[in-house]
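**Student:** predicted coordinates and the sequence they were generated for:
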2 protein chains.
Amino acid sequence: MCQLFPYAEPVTRWLEPEQQQAWRAYVRMQGELNAHLSRQMSVDSDISMADFAVLVQLTDTRDERVRVLELARSLHWEKSRISHHVVRMEKRGLVRRESCGSDGRGSFVVLTDEGRSAIEEAAPAHAEMVHKLVFDLLTDSEVTALREISEKIFTRLTTGECAAVVARSDADDAVEVVPQESGCPEA
Amino acid sequence: MCQLFPYAEPVTRWLEPEQQQAWRAYVRMQGELNAHLSRQMSVDSDISMADFAVLVQLTDTRDERVRVLELARSLHWEKSRISHHVVRMEKRGLVRRESCGSDGRGSFVVLTDEGRSAIEEAAPAHAEMVHKLVFDLLTDSEVTALREISEKIFTRLTTGECAAVVARSDADDAVEVVPQESGCPEA
DNA sequence: CGGGAATAGTTGACACATCACCCACGTTCC
DNA sequence: GGAACGTGGGTGATGTGTCAACTATTCCCG
């Protein structure tokens, strides 16, 4: 709508006041919540949220071993991020690497005993924190709303055009997206 | 419920299934949304979300100059983070530093012309992105819910015990919080 | 069989956040 | 006036995330 300018000076859609308020509130909350949860976990369990996420994936798997790229996909991380992170976790003894017989390129990430006890120590406090900071405050309908809002946005992010530009596991996988301006034939 | 263990093995409050779903959805969404917005901004405006946040604070101020710690407080950043970041932004010409006459310790961060044009270039695309990824998808009541949920959690985070442990602008400001167990006189 | 193309994963440079310290200046109070 | 303490701000080491480029293997197809 409202293509007022023949030479297409882009009409900016700024946020309405209520949208502004909601957006600012969300951004602030999300930043603080992340910071708080990260700090809490690293203070009383000596692992980071990122470590925790990796360990959760490992414990969720039978055999407690996962291929590196499968890890990347389930966490929505870039493969280089996973690679770096696994190196660091290996140095700290949380995981171990094993080469994959059937595919010479591949390698497994395997949970160590130390890794298992780390997550077992961290999980209860983390769950308690999430309760205290989130679910103890929200009504049932707010919990539902939170899920629905999150799912809508997430779906938007991972399907269609957005996904094409952004959902890439690394630079060399990036699909070359020429915008194409489909609705706008040149003057 | 279920205090089965007389010697108070801490009973973990795990998340209910609906809470689990909501929490997972939120975490995934929040991660992807952050990533997407950051990438979009750095791709088509050559500044980061952090730069953007700083520049917004500067343009919101009369005179376009702000004291460093005031910046830190309004952004809820640690002062060392602001300090490092201002150094980098200064190197790229987005801001300039000026010493403060009335207080020999202090210094101002001042918006440069280059900084102003950077944010003016970045803002419309960012606003459009927020529309496309968030507000175009949500009903009015969902927008309200998002704000309320965010405000509740944020308030929880910045008041009371949480704030004491976590809301610190830097390590040496950290209040030494001895838990004190106020409701629990020693045996 | 041979020669791309895709796949699995690594590496190095850089940007960024945090932590623990540090220093300079200002305030207060004796 | 100066000791003690608070405040404004900076520094360097370290851990982490991203990008771009790279190696090694496997797949596909003629």
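**Tutor:** That came in fine, so what should we check first?
**Student:** and the closest residue to DNA strand D within chain A, helix, strand or coil?
**Tutor:** DNA strand D sits closest to A:Gly104 of chain A, with a gap of 2.7 Å, by C-beta to the nearest atom of the strand. C-beta: built from backbone N, CA, C; applies to glycine. Following DSSP: H, G, I helix; E, B strand; the rest coil, we place A:Gly104 in the coil state.
**Student:** okay, now the domains of chain A?
**Tutor:** Domain ranges of chain A: A:28-123, A:138-170, per automatic domain parsing.
**Student:** got the ones you listed as JSON lines, with mean neighbour count and distance to B:Leu133 columns?
**Tutor:** Output for the domains of chain A, formatted as JSON lines (neighbours: other C-beta atoms under 10 Å in any protein chain shown; distance: least, C-beta to C-beta, whole Å):
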{"stretch": "domain A:28-123", "mean neighbour count": "17", "distance to B:Leu133": "14"}
{"stretch": "domain A:138-170", "mean neighbour count": "17", "distance to B:Leu133": "6"}
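**Student:** these: lowest mean pLDDT?
**Tutor:** Sorting these by mean pLDDT places domain A:138-170 lowest, at a mean of 81.
**Student:** what residue is smack in the middle of chain A?
**Tutor:** A:His76 (5.6 Å; C-alpha atoms, centre = their mean).
**Student:** can you tell me which residues in chain A are near DNA strand D?
**Tutor:** A:48, A:50-51, A:77-78, A:80-81, A:84-85, A:88, A:103-105, A:170-172 (C-beta under 7 Å from any atom of the strand).
**Student:** please enumerate the strands of chain A.
**Tutor:** Using DSSP state E, the strands of chain A run over A:65-67, A:95-99, A:107-111.
**Student:** helices or strands up against the second one?
**Tutor:** Contacts of strand A:95-99 with other secondary structure elements, assessed using 3 or more C-beta pairs under 8 Å, 6 or more residues apart in numbering or on different chains; DSSP states H and E, are made with helix A:79-91, strand A:107-111.
**Student:** switch to 10 Å and redo it
**Tutor:** helix A:49-59, strand A:65-67, helix A:79-91, strand A:107-111, helix A:113-130 (3 or more C-beta pairs under 10 Å, 6 or more residues apart in numbering or on different chains; DSSP states H and E).
**Student:** before we move on, the earlier item: could I get the strands of chain A as TSV with distance to B:Glu151?
**Tutor:** What follows is the strands of chain A, written out as TSV (distance: least, C-beta to C-beta, whole Å):
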stretch	distance to B:Glu151
strand A:65-67	38
strand A:95-99	39
strand A:107-111	39
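**Student:** out of those, nearest to B:Ser141?
**Tutor:** Taking C-beta to C-beta, strand A:65-67 is the member of these nearest to B:Ser141, at 40.5 Å.
**Student:** report the beta-bridge partners for the closest residue in space to A:Glu98 that isn't next to it in sequence.
**Tutor:** Nearest non-adjacent residue to A:Glu98, counting by C-beta to C-beta, 6 or more residues apart in numbering or on different chains: A:Phe108, 4.5 Å away. Per DSSP bridges, the residues bridged to A:Phe108 are A:Arg67, A:Glu98.
**Student:** my guess is A:Phe108 meets A:Glu90, correct?
**Tutor:** No - if you go by C-beta atoms under 10 Å, A:Phe108 and A:Glu90 don't touch, sitting 12.0 Å apart.
**Student:** any shared contact partners between these two?
**Tutor:** With contacts taken as C-beta atoms under 10 Å, 6 or more residues apart in numbering or on different chains, A:Phe108 and A:Glu90 have A:Arg96, A:Arg97 as neighbours in common.
**Student:** tell me how far A:Glu70 lies from A:Val109.
**Tutor:** Between A:Glu70 and A:Val109 the distance is 9 Å, computed by C-beta to C-beta, to the nearest Å.
**Student:** which residues do the two both contact?
**Tutor:** With C-beta under 10 Å, 6+ apart, A:Glu70 and A:Val109 have common neighbours A:Gln57, A:Thr61, A:Ile82.
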